[in-house]
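Chemist: what shape does this take:
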Amino acid sequence: DFETGLGAAAHMGHREIALFLLEQGAALDLFAAAMLGYVEVVRAMLTEHPELRDAKGAHGIPLVVHAQQGGEQAKAVLELLEAS
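Modeler: Numbering: from 1, shown residues only. Model (predicted):
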């Protein structure tokens, strides 16, 4: 199991930490995009790779949990993931 700082922030719902890490050059991944509510990024990735809907991040935490951790700002991502 491997976890980056951004990955930890994403599954814990720490938006400000995630944004800081991205500003410092961390690479945006699907899990962080889901937590941050970047619905267009998530939609594009799922369009290209539908199997990622069931992807699990660090510690086996599902993608949908990352969206749940994003709260109101990730509501559109959560709706996208729950629609299928």
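
Chemist: can you list the helices and strands that the one helix or strand E40 maps to packs against?
Modeler: Using DSSP states H and E, the element containing E40 is helix 39-48. With contacts defined as 3 or more Cβ pairs under 8 Å, 6 or more residues apart in numbering; DSSP states H and E, the secondary structure elements packing on helix 39-48 are helix 30-36, helix 75-82. (Glycine included, C-beta is placed from N, CA and C.)

Chemist: distance to T47 added to these, as CSV?
Modeler: What follows is these, written out as CSV (distance: least, Cβ to Cβ, whole Å):
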stretch, distance to T47
helix 30-36, 12
helix 75-82, 11
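
Chemist: so what's A27 closest to, chain neighbours aside?
Modeler: Excluding the flanking residues, the one nearest A27 by Cβ to Cβ, 6 or more residues apart in numbering is L6, at 7.7 Å.

Chemist: so that neighbour touches A32, yeah?
Modeler: Yes. The pair L6 / A32 is scored as a contact, 5.3 Å apart, by Cβ atoms under 8 Å.

Chemist: before we move on, the earlier item: could you look over the helices and strands packed on helix 39-48 and pick the most buried one?
Modeler: helix 30-36 (a mean of 26; mean count of other Cβ atoms under 10 Å).

Chemist: list the helices and strands that one packs on?
Modeler: Other elements packing on helix 30-36 under the criterion 3+ Cβ pairs under 8 Å, 6+ apart are helix 5-12, helix 15-23, helix 39-48, helix 63-69, helix 75-82.

Chemist: the residue nearest to A27: what's it in contact with?
Modeler: 18, 21-22, 26-29, 32 (Cβ atoms under 8 Å, 6 or more residues apart in numbering).

Chemist: determine which two of those residues are furthest apart.
Modeler: Pairwise distances across the contacts of L6 peak at 11.9 Å for A18 and A27 (criterion: Cβ to Cβ).

Chemist: those two: which is more packed in?
Modeler: A18 (25 against 9; other Cβ atoms under 10 Å).

Chemist: if we ignore the residues flanking it in sequence, what's nearest A8?
Modeler: A58 (7.1 Å).

Chemist: per-residue pLDDT, S84?
Modeler: Reported pLDDT at S84 in the predicted model: 65.
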